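K.L.:
below is the sequence, then the predicted model.
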Amino acid sequence: MLARLLIPFALLALTGCIPTGGTKCGSCATPEAPPEDCAVTANEESCCSKCPKTTAEEAACCESSKATVAGVELKNIKFDDLSKAIEAHKGKVVVVDIWANFCVPCKKEFPHLVKIHETMHDKGVVCISVSVDEPEQHAAALAFLQKSGAKFANYRLEDPNTVWQEKWDLNGIPAVFVYDRDGKQAAKFSFDDPDNQFTYEANVLPLVQKLATTK
Amino acid sequence: MFRTTMLLAGLLTLALVATPAEAGKYNKKLSIGDPAPVFSDLPTADNKKISFNDLKDKDVIVIAITCNHCPVAVAYEDRIIELTKKYASAPDSRVAVVAINVNTSDADKLDKMVERAKTKGFNFPYAYDESQKIGRDLGATRTPEFFVINKERKIAYMGAMDDNQKPSAVKKKYLEEAIDALLAGKPVPTEETRPVGCGVQYNR
C-alpha cells in the first residue's frame, strides 16, 4: 500500500528534478535531500550539467531530466485554431488548463495536470495547457513547462486577453475545462467566484476519473 | 399629456441606456447598488490601522484590491498613485482611495507590502486583510480590481480601472468617469466592467 502511494511521488520527483537544480545541485536523489526538494528548489542552474553524478540514482535523474526537456514544446496558437485542436480529440476526455507564468495559483496546481497526463494518458485522457502569457514571457513559460515535465500539447494564445475572456466568459485564470468523450464541455472550473474556486484534487480529478471510466 | 408621455418614454429609454445590462455580470457576489461591505482595523503598510468607518466623511470611496506579486497589479501602481493625487490627496477632498491586499502567499504578506509601499512611495493606505474577508465580501477575484462606493455607501462601480494595461493605449478611464459622475451627482456611465489581472486565491 505504501509503495503504491509512493510511486506517483517518485514519478513526480523524477520529472520534477528537471533541467535545473541550482542550490540543491547534486542532491537530486540523495536520501538527505529527497527528490521532491530538488523540484522545489530548482532554479537557475542545471544540476545535471554542473554537478558530478555521484550515484546511479542521480545519473538516472539527470537522464530523465534531459528526456523530459526534449519532449516539451510551447506553440503559439490563435483562439479559433485552439478550439479546433480541442475538438480534434473527440472520443477522448480532454483536460485544458489555462495558465500563465505570472499566475501563482496556476503554477501551484500545474503538477496535477502533469500527473493526469502521466497516469491517465493510456486511459484516453488528453491534457492540453494554454498559456495566456504575453509574447515576452514565452521563454519563461516554456522553462516552467520543461521544469514541470509537461510532455503534452502546450500552447500560448496569441489573441489579446479580451478575446479569450469574452469567448470563454472568464474574468481570468486559473481555469480548467474538461471535455467528455463526445467533445462536450463537462465542466468549466475557475476562480471567478470567491466561494467556489476549484482545485484539481477536489474538482478536476474526480470528474476526469469518472469521465475516463465512461466509454 | 402626449408630451408628458413622450418625456417619460424618453426618460425611460435614457434610464435603460444608462443602466448597463452587465450589472453583476462579472462579479458573482455583488450587484451595482448593493450595500458596500465593510472592513475594520486592517493593518496598513505604514504601520497604522484602517477601518471603513474612518472614511465616513468622504462622499466617494475607492477600494483597490491589489497585491505585490502580480505584474498586472504592479502595472497599475503608478495609476493608483496618480488617482490619489488627483482626487484624494487634499485633506478636504471628497474622495478616499484605499488599497487592500487579501493575498496570503509569502510574496504578498505584510512585510513585503511595507517594502513595496516604501519603494513605490504609495500615497494611499495599503491595507492587509489576512482573513481575506473583505475580498470575499466584495466578490473580488482579480488583482487589481476596483470598487467605487457612493455617499449612500452602495456599490456604484466595480471592475477594471481602465481599458488597457498599457497606460499609453488607454481609451476609457472607467474608474475616473465613475468618480467624476458621483462628484457631479450624475449617473455613473459604465457601472461594471470585467476586471483584468491575476487570480486571487481564497483559502479554504
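P.N.:
Done, it's in. On a predicted model such as this, the values are computed, not experimentally measured, just so you know.
K.L.:
buried residues of the host helix or strand of residue A:210, list them for me.
P.N.:
Assigned by DSSP states H and E, residue A:210 falls within helix A:205-213. Within helix A:205-213, the residues that qualify as buried are A:205, A:207, A:208, A:211, A:212, counting by 16 or more other CB atoms under 10 Å in any protein chain shown. For the C-beta atoms, the positions are set from N, CA and C on the backbone; glycine is no exception.
K.L.:
and of those residues, the nearest to residue A:168?
P.N.:
residue A:207 (17.9 Å; CB to CB).
K.L.:
right, and that closest one touches residue A:188 too?
P.N.:
No - distance between residue A:207 and residue A:188: 11.1 Å, which falls outside the contact criterion (CB atoms under 8 Å).
K.L.:
can you add distance to residue B:171 and pLDDT and give the buried residues of helix A:205-213 back as JSON lines?
P.N.:
JSON lines is the format used below for the buried residues of helix A:205-213 (distance: CB to CB, whole Å; pLDDT from 0 to 100):
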{"residue": "A:205", "distance to residue B:171": "43", "pLDDT": "98"}
{"residue": "A:207", "distance to residue B:171": "41", "pLDDT": "98"}
{"residue": "A:208", "distance to residue B:171": "42", "pLDDT": "98"}
{"residue": "A:211", "distance to residue B:171": "43", "pLDDT": "97"}
{"residue": "A:212", "distance to residue B:171": "47", "pLDDT": "96"}
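K.L.:
and the end-to-end length of stretch B:83-103?
P.N.:
The straight-line separation of the ends of stretch B:83-103 (CA to CA, to the nearest Å) is 23 Å.
K.L.:
mean confidence for that stretch?
P.N.:
Averaged over stretch B:83-103, pLDDT sits at 97.
K.L.:
please identify the buried residues of it?
P.N.:
So for stretch B:83-103, counting by 16+ other CB under 10 Å, buried means B:83-84, B:87-88, B:93, B:95-103.
K.L.:
farthest-separated two in these?
P.N.:
B:93 and B:103 (28.3 Å).
K.L.:
now the residue nearest to residue B:45 when sequence neighbours are not counted: which helix or strand?
P.N.:
Of all residues not flanking residue B:45 in the chain, residue B:117 sits nearest, at 3.7 Å (CB to CB, 6 or more residues apart in numbering or on different chains). Using DSSP H and E, residue B:117 sits within helix B:110-120.
K.L.:
after that helix, next one along is what?
P.N.:
strand B:126-128.
K.L.:
in strands only, show me the buried residues of stretch B:83-103.
P.N.:
Residues of the buried residues of stretch B:83-103 located in strands (DSSP state E): B:95, B:96, B:97, B:98, B:99, B:100, B:101.
K.L.:
name the nearest residue to the first one, ignoring sequence neighbours.
P.N.:
Nearest residue to residue B:95, sequence neighbours excluded (CB to CB, 6+ apart): residue B:87, at 4.0 Å.
K.L.:
residues in contact with that neighbour?
P.N.:
B:60, B:62, B:93, B:95, B:97, B:179 (CB atoms under 8 Å, 6 or more residues apart in numbering or on different chains).
K.L.:
from chain A, how far out is it?
P.N.:
According to CB to the nearest CB, to the nearest Å, residue B:87 and chain A sit 26 Å apart.
K.L.:
run a quick neighbour tally on the residue nearest to residue B:45.
P.N.:
20 (other CB atoms under 10 Å in any protein chain shown).
K.L.:
wait, it touches residue B:46, no?
P.N.:
Yes - between residue B:117 and residue B:46 there is a contact at 6.7 Å, judged by CB under 8 Å.
K.L.:
what sits in contact with each of those two?
P.N.:
With CB under 8 Å, 6+ apart, residue B:117 and residue B:46 have common neighbours residue B:126.
K.L.:
which of the three states applies to residue B:188?
P.N.:
Classification of residue B:188 using DSSP: H, G, I helix; E, B strand; the rest coil returns coil.
K.L.:
run a quick neighbour tally on it.
P.N.:
For residue B:188, the neighbour count with other CB under 10 Å is 21.
K.L.:
using PDB, list the CA coordinates for the helix or strand hosting residue A:116.
P.N.:
Using DSSP H and E, residue A:116 falls within helix A:104-120. The C-alpha trace of helix A:104-120 is given here as PDB (Å, rounded to 0.1, in the frame of the first residue of the first chain):
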ATOM      1  CA  VAL A 104       0.900  31.700  -8.700                       C
ATOM      2  CA  PRO A 105      -2.100  29.500  -8.100                       C
ATOM      3  CA  CYS A 106      -1.900  28.200 -11.700                       C
ATOM      4  CA  LYS A 107       1.600  27.100 -11.200                       C
ATOM      5  CA  LYS A 108       0.800  25.600  -7.800                       C
ATOM      6  CA  GLU A 109      -1.900  23.400  -9.400                       C
ATOM      7  CA  PHE A 110       0.000  22.600 -12.600                       C
ATOM      8  CA  PRO A 111       1.700  19.400 -11.300                       C
ATOM      9  CA  HIS A 112      -1.700  17.800 -11.100                       C
ATOM     10  CA  LEU A 113      -2.200  18.200 -14.800                       C
ATOM     11  CA  VAL A 114       1.200  16.600 -15.500                       C
ATOM     12  CA  LYS A 115       0.200  13.800 -13.200                       C
ATOM     13  CA  ILE A 116      -3.100  13.200 -15.000                       C
ATOM     14  CA  HIS A 117      -1.200  13.000 -18.200                       C
ATOM     15  CA  GLU A 118       1.300  10.500 -16.800                       C
ATOM     16  CA  THR A 119      -1.200   8.300 -15.100                       C
ATOM     17  CA  MET A 120      -4.300   8.600 -17.400                       C
END
